[in-house]
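Student: Any chance you could fold what I've pasted below:
(2 chains)
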Amino acid sequence: MEKIKTLADLKLKQEKFRSQVELRSKASRAEELVQIKVAMATCGIASGAKEVMEFFVEELDKRNIEAVVTQTGCMGYCFAEPTIEVTLFGKDPVVFGYVDVKKADEIIERYIKTGELVDGIIPKNYESIN
Amino acid sequence: MAKFKSHILICGGTGCQSSNSEAILNNLERELATKGLIEDVQVIRTGCFGFCEKGPIVNVLPDNTFYVEVKPDDAQEIIDEHIIKGRRVNRLLYVNPENEEHIPDSKHMGFYKKQLRIALRNCGLVDPENIEESIAHDAYQALGKVLTEMSQNDAIEIIKKSGLRGRGGGGFPTGLKWEITKNSVSDKKYVVCNADEGDPGAFMDRSILEGDPHSILEAMAICGYCIGADEGLIYIRAEYPLAIKRLKVAIKQAEEYGLLGSDIMGTGFNFKIKLRYGAGAFVCGEETSLIHSMEGKRGEPTNKPPFPSVSGYLQKPTNVNNVETFANVPAIILKGAEWFSSIGTEKSKGTKVFALAGKINNVGLIEVPMGITLREIIFEIGGGIKGGKKFKAVQTGGPSGGCLTEKHLDTPIDYDNLLQVGSMMGSGGMIVMDEDDCMVSVAKFYLDFIVEESCGKCAPCRIGNKRLNEILSKICDGNGTQEDLERLKNLSNVIKDTSLCGLGQTSPNPVLSTLANFQEEYYEHVHDKKCRAGHCKNLLYYVIDPEACIGCMLCVRNCPVNAITGERKQSHFIHQEICIKCGACMEKCKFDAISLTSEYAMAEH
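Tutor: Numbers count the residues shown, from 1 in each chain, chains lettered A, B, ... in the order given. Predicted structure coming up:
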């Protein structure tokens, strides 16, 4: 194994290993970060939600946006799959439909980065008990 | 490599492992493999989460869901429901005892709300057998900082300024100890980590070693640099197999990375660490005994001075610190003395880890700022007394500490306050007692322990504690007299004043503190021959309820000592002076007419 020879070496290694455990430090302050839930029920996966989720995980990391991406069950908008729910810090969750990779890119660039609303928002039309 | 989208942390501390957390881990991995998710979800075995009462614990990230009391068979449901469908498994969530609501994450649980984790910062967060995760969480950064930016004196000054005091119980200022050892001139010096945790009910050192071994290795190296030592020894009891295994793995990995060994980070500083096994003797937690034991001699204390910092292991200057003390060091170096000294009370800085045990709802390991009150610990973090019973006492500091009562509940906890009320910090064991515990028996329990663990070198401890124990037995058996109470007090004070080492000097504390705080209970045992907790067998009485007894003669025939008299079809009577309390009568009675009571005035009959 390559030895750590200087403090700078150690810092480099730390950067490298940090990505392995990033998820954990984020989890403790999840509510302050961008939270994205991808609906991954049968309908969602069949329409490509898995690719969209991969895209979010990788691209947000590349673009240095701290976010927590989780999967969730069917939100009920099966006509508009893949659907995602985005919660920015201090704001109400917003649901987007028909999210493919291209749309995902637009959501990151416009809604997540600047808070500007983009097409494809599905108005929330139900109350849930919890 | 694609990134994992979810981490499942599972507690691999001794507590949870004995509740089968290993099988949960295997089942989770098998489920992930069958569902083809092995690339997406990582399962990690971590150290102790602290909430041992509800173990095994499984923590799912990134949504930070905290599952409690998980069984191996639950693995499938966690994967199917939570990981695949994104729905929390409600029945495995912690239920708030106050309003029966499910709490999804640890942040909102009463047990964690008041905690501040410094020594336990990485326990339950990293995989202790993977140095990469520790490095990602700042391990060895403090060592690098000290080696490259600070002189020995600079670093010692930071520890001194932080106000860190020994967490093994004595509370000696750590920075001062380092300075004294540094100023001792010698060709060879040693750093020793005292991992001989011996208090009944304390397990914080074990949990730190199991959950975050690198923090200890790093701190020992920092200490080595400060005092001018190139060798460290960890004295650990052989009955901590898991901690030993993880330490070995950690030392090996640190050596492979060049973080221990020669020329660390190119600074020319050399430091190696070895393990030394103890046989689990309580007295070996005392530093001179510990050093003798490491040298292969009998684990017996010697007079101080000379202090180990002048002449210790193999007569060389030796700096001995406890595990928890070391665990604080890297955090202090990285965050600064001011940060650390802003936490806690005037004379006790930082946090303290306590092991909660006994009649308390949330048994487990907690870390809280100094100055918190017993009430907050027991009723807010600990969730109150088991079964809704009444709080009676709490024993802090193990066999060397004392029993505190209701009137001490609002005392802020720090080294000096605890001493003042007749107990001590000790290593941080906290055993909670309710109304069913007899305080005389509690004192006797600790004396039993002391008599067994006394090394026998000095007479006050060897003989005095034995006599104390005999007097307590006599009182519990109902044969105590007023003179015995006087003798208890006098003898205790003599032992305190004349014993050679800390073990003997503190051993009468449980007796003295129960005598002071529960005097009436001693009086009842001695004068009324009554044990209000119903604990002392000889002070319980079998009595026949004349209403329920139909006079069948069954108990009369079965009593081995003919203590029961009475005619057929008339209610029977037990003669207490003959009764040997075997319980045969109660067992035989078909009408539940015989009961056991502590409320029986001998004189009336």
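
Student: Skipping adjacent residues, who's closest to residue 31 in space?
Tutor: Reading this off chain A. Of all residues not flanking A:Glu31 in the chain, A:Phe89 sits nearest, at 7.4 Å (C-beta to C-beta, 6 or more residues apart in numbering or on different chains). (Glycine included, C-beta is placed from N, CA and C.)

Student: if you could check chain B rather than the one you did, that'd help
Tutor: B:Ile79 (4.2 Å).

Student: need the contact list for that neighbour.
Tutor: Listed by C-beta atoms under 8 Å, 6 or more residues apart in numbering or on different chains, the contact set of B:Ile79 reads B:Leu28, B:Glu31, B:Leu32, B:Lys35, B:Leu37.

Student: Pull the number of nearby residues for the fourth one.
Tutor: Which is B:Lys35. 15 (other C-beta atoms under 10 Å in any protein chain shown).

Student: you'd agree it is up against B:Ile84?
Tutor: Yes: using C-beta atoms under 8 Å, B:Lys35 is in contact with B:Ile84, at 6.8 Å.

Student: ok, whatever residue of the stretch 301-450 of chain B ends up closest to chain A - contacts?
Tutor: Closest to chain A within the stretch 301-450 of chain B is B:Leu334: 12.2 Å, counting by C-beta to the nearest C-beta. B:Leu334 sits next to B:Asp138, B:Gln141, B:Ala142, B:Lys145 when contact means C-beta under 8 Å, 6+ apart.

Student: make it 6 Å
Tutor: Contacts for B:Leu334 were tallied using C-beta atoms under 6 Å, 6 or more residues apart in numbering or on different chains; they are B:Ala142.

Student: rewinding a little: three-state assignment of the residue nearest to A:Glu31?
Tutor: When classified by DSSP: H, G, I helix; E, B strand; the rest coil, A:Phe89 comes out as coil.

Student: Just the buried ones from the contacts of B:Ile79?
Tutor: Buried by 16 or more other C-beta atoms under 10 Å in any protein chain shown: B:Leu28, B:Glu31, B:Leu32, B:Leu37, out of the contacts of B:Ile79.

Student: Apart from its neighbours in sequence, what residue is nearest the first one?
Tutor: Of all residues not flanking B:Leu28 in the chain, B:Ala75 sits nearest, at 4.6 Å (C-beta to C-beta, 6+ apart).

Student: Test my guess that that neighbour contacts B:Glu31.
Tutor: Yes: using C-beta atoms under 6 Å, B:Ala75 is in contact with B:Glu31, at 5.5 Å.

Student: does the spatially most central residue of chain B sit in a helix, a strand or a coil?
Tutor: Residue closest to the average C-alpha location in chain B (C-alpha atoms, centre = their mean): B:Ala202, at 1.4 Å. Here B:Ala202 is recorded as coil under three-state DSSP.

Student: Pull out the buried positions in the longest helix anywhere in chain A.
Tutor: Scanning chain A for the helix with the most residues, using DSSP state H, yields helix A:7-27. For helix A:7-27, the neighbour count (16+ other C-beta under 10 Å) marks A:7, A:9-10, A:13-14, A:17-18, A:20-24, A:26-27 as buried.

Student: and chain B, which of its residues are near chain A?
Tutor: Selection of chain B residues close to chain A by C-beta under 6 Å from any C-beta of the partner chain yields B:3, B:7, B:61-64, B:85-87, B:132-133, B:135-136, B:140, B:144, B:148, B:256-258, B:265-266.

Student: please redo it, this time with the cut-off set to 7 Å
Tutor: Listed as neighbours of chain A in chain B under the rule C-beta under 7 Å from any C-beta of the partner chain: B:3-5, B:7, B:61-64, B:85-87, B:125, B:132-133, B:135-137, B:140-141, B:144, B:148, B:256-259, B:265-266.

Student: From the buried residues of helix A:7-27, list the ones also adjacent to chain B.
Tutor: Applying C-beta under 7 Å from any C-beta, the subset of these adjacent to chain B comprises A:Leu7, A:Leu10, A:Lys13, A:Gln14, A:Phe17, A:Arg18, A:Gln20, A:Val21, A:Leu23, A:Arg24, A:Lys26, A:Ala27.

Student: quick one: contacts for the fourth one?
Tutor: Applying C-beta atoms under 7 Å, 6 or more residues apart in numbering or on different chains to A:Gln14 gives the contacts B:Ile135, B:Ala136.

Student: One more pass at 8 Å, please.
Tutor: Contacts for A:Gln14 (C-beta under 8 Å, 6+ apart) come out as B:Ile135, B:Ala136, B:Asp138, B:Gln141.

Student: Distance check, the residue lying closest to the last one once chain neighbours are set aside against A:Glu66.
Tutor: In other words, B:Gln141. Of all residues not flanking B:Gln141 in the chain, B:Leu334 sits nearest, at 6.1 Å (C-beta to C-beta, 6+ apart). Remark: distance between B:Leu334 and A:Glu66 (C-beta to C-beta, to the nearest Å) = 22 Å.

Student: and what of A:Lys5?
Tutor: Distance of A:Lys5 to A:Glu66, computed by C-beta to C-beta: 31 Å.

Student: One more: B:Leu143?
Tutor: Counting by C-beta to C-beta - B:Leu143 and A:Glu66 are separated by 28 Å.
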